[in-house]
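>>> here you go, sequence then predicted model.
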Amino acid sequence: MKHNTLIFGVMALFLLSACEKLDREVITGTTEKQVTESYQYAGYRQASLYTDLPEGFLQVDRAMMASANDEAEFTNENANVQKFNNGSWNAYDNPDNAWGKYYKAIRKANQFLVSIDSLNLDTYRLSSLPSDQIIYQQRIVEITRWKLEARFLRAYFYFELVKRYGGVPIFTSAMGVEEDFSNVQRNTLEECINFIVKECDSTAVGLPAKSADADLGRATKGAALGLKSRVLLYAASDLFNDPTWAGGYDKPELISLPAGNRTQRWKDAANAAKAVLDIAGAGYWVHWEYAPLFNTFNSPEIILTRRNGPSNDFEKANFPIGYDLGQSGNTPSQNLVDAYEMNDGTPFDWNNPVHAANPYANRDPRLGLSITTNNAWFNSRSVELWAGGRDGKGIPQASKTGYYLKKYLSEYTDLLQNRTSVHSWLLIRTAEIFLNYAEALNECEPGNPDIRNYIGYVRGRTTIGMPNIPAGLSQPAMRERIRNERRVEFAFEDHRTWDVRRWLQGPQYFGTPLRGVDITRNPNGSFTYVPTIVEQRVFEPKMYLYPIPQGDLFISPKIAQNPLW
């Protein structure tokens, strides 16, 4: 059974073949009723592509990817996500089966793009009735947008593969069961990057600058150019430009771009980010509030989001253990907590007795909005994370780190009454584009005033009010500040796993001990905090990229495995 699960990647492309036959039968119908139904059905199929976008709430065995990096520890020590942390994952057993997931999504997009051109609108096109002609024109406009969106989504799916595997096979047609996959090979990394960027540029031309309220969540010009910004940022970063980590891998073109002008790559990334910010009529800006961003679909900061219906599954998985039906889930690390600055912009320091005595006072407000700390108010009471407290260590499945997650949670959901709330997994938001721009500028034009300005916009939102970083920093010092800003601003949003990899800093952050804090409640009601090691994490150079699933190498033996696996 396990072997059958693994042989999924490219072969998963076949699973929809029966549906493809049904699609042809529906779409080529000749009666007016069938034509109407096929248009509607095509719309349903196109909308279903959005369900394949990443959604990181319960991504790996009910864990977030944050628990596979230095942001968090998942309380269930037997969960699959722990394989990332102890180094036991491999080409036969990867808890994050992105290869199969996204090739299936790509096949769906390709199927749609093929079938939509067969849609028969002659009933309206040939009609002499003005009302039918209006319907025909409306449908042509909508079909055109559907196709652009499908191409954008396919490009998004490809980048989800590229950031994990490097160069991957590119398919732009809906291949069927009769195809021979034995000769399939990986495209080079450069070919993949160029393909995605070209699709972003092409679709951005025809997509609207902004969606109507009824279309929130659909792709826009900003989404296409925002994806391009991310792709070119990764393309300029160390992972895709320095293959020395791969130990003499004999196919460097699969994991690295050709040697060239790194400065120009950074300029391209900076220009791509600025292009998003310059879209007329889009109105993108950082929202004045931070916390509400993660439970809404509609904000000027949101460029692309995956909309989810009402649910309380995420709350059940992550409420503190002492709360009704809470399961603790993804518990933030001391590693992450220490990255949040003091509210005057200086670093937190355990060696400072004032900081150590009250470690959550006078900190960057994003700490308290993202992480539940000891004695902080949550839902209906203060959270008791001290030893012997209702939520503290010693209780089965309680936090091992001394913290609980807060970001994305609908804090006042009544789980006993089975109350629900909407959840919005943010895929691209304005703050990312600001920091993409700042990072790229710092690498190609150190000292450019826009670097500090755009970081300041992110830090200075009204409800956060963090001071801007100091002026006059050196390029290396600015680089570290930008990286830390990404770390705290995007905590638990599935950036950290990939940022650390593209910076080639895996051993430094993912191969060191994950830390927490032991908390003692003193007789006078005060608390003593002592940092502690939760577990030793493992990171080997091969883990910069995922292994290609071994089952797919059996099917397509010309697909080269990634280095060191």
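Okay, I see it.
>>> packing partners for the top helix by length along the chain?
When the chain is parsed with DSSP state H, its longest helix is helix 130-165. Contact partners of helix 130-165 among helices and strands, from 3 or more C-beta pairs under 8 Å, 6 or more residues apart in numbering; DSSP states H and E: helix 32-48, helix 98-115, helix 122-125, helix 189-206, helix 221-236. For glycine as for every other residue, the C-beta is placed from the backbone atoms N, C-alpha and C.
>>> next, the angle helix 221-236 makes with that helix.
20 degrees (axes from the mean of the first three to the mean of the last three C-alpha atoms, to 10 degrees).
>>> is it fair to say Ile533 lies in a helix?
No - according to DSSP: H, G, I helix; E, B strand; the rest coil, Ile533 belongs to no helix; its state is strand.
>>> how about the contacts made by it?
Pro513, Leu514, Arg515, Gly516 (C-beta atoms under 8 Å, 6 or more residues apart in numbering).
>>> weed out the non-buried ones from these.
Leu514, Arg515, Gly516 (16 or more other C-beta atoms under 10 Å).
>>> confirm the last one sits in a strand?
Yes - assignment of Gly516 by three-state DSSP places it within a strand.
>>> what is it paired to in the beta sheet?
Assessed by DSSP bridges, Gly516 has beta-bridge partners Thr532.
>>> list the contacts for it?
Per C-beta under 8 Å, 6+ apart, neighbours of Gly516: 73, 331, 333-334, 399-403, 531-534.
>>> how about a cut-off of 6 Å?
Applying C-beta atoms under 6 Å, 6 or more residues apart in numbering to Gly516 gives the contacts Gln334, Lys400, Thr401, Gly402, Thr532, Val534.
>>> check Ala63 too.
Neighbours of Ala63 in contact, by C-beta under 6 Å, 6+ apart: Phe74, Ala79, Val81.
>>> returning to what we had before: in the longest helix of the chain, what counts as buried?
By 16+ other C-beta under 10 Å, the buried positions in helix 130-165 come out as 135-136, 139, 143, 145-165.
>>> could you do stretch 82-97 as well?
Gln82, Lys83, Phe84, Asn85, Trp89, Ala91, Asp93, Asn94, Pro95, Asp96, Asn97.
>>> again, but for stretch 104-124
Those would be 104-113, 115-116, 119, 121, 123-124, for stretch 104-124 by 16+ other C-beta under 10 Å.
>>> same question, stretch 439-457
In stretch 439-457, counting by 16+ other C-beta under 10 Å, buried: Glu439, Ala440, Leu441, Asn442, Glu443, Cys444, Glu445, Ile451, Arg452, Tyr454, Ile455, Tyr457.
>>> three-state assignment of the fifth one?
Read that as Glu443. helix.
>>> state the distance from Gly167 to Ala105.
18 Å (C-beta to C-beta, to the nearest Å).
>>> now, the contacts of Ala63 that are in strands?
Phe74 (DSSP state E).
>>> quick one: neighbours of Pro54, just the number.
16 (other C-beta atoms under 10 Å).
>>> and the residue nearest to Asp344 when sequence neighbours are not counted, how many neighbours does it have?
Leaving aside its sequence neighbours, Asp344 sits nearest to Pro467 (C-beta to C-beta, 6 or more residues apart in numbering; 6.6 Å). As a burial measure, Pro467 scores 13 neighbours (other C-beta under 10 Å).
>>> right, and Pro467 touches Thr346 too?
No - judged on C-beta atoms under 6 Å, Pro467 makes no contact with Thr346 at a distance of 9.7 Å.
>>> mind listing the shared neighbours of the two?
With C-beta under 6 Å, 6+ apart as the test, Pro467 and Thr346 reach no residue in common.
>>> are we agreed that the residue nearest to Asp344 is in a strand?
No - Pro467: not assigned to a strand; according to three-state DSSP it is coil.
>>> measure it to Arg363 for me?
Where Arg363 is concerned, Pro467 sits at a distance of 13 Å (C-beta to C-beta).
>>> pull the helix or strand with minimum mean pLDDT from this structure.
When each helix and strand of the chain is scored by mean pLDDT, DSSP states H and E, helix 2-6 comes last, with a mean of 34.
>>> and which of the contacts of Ile533 is nearest Asn194?
Leu514 (38.1 Å; C-beta to C-beta).
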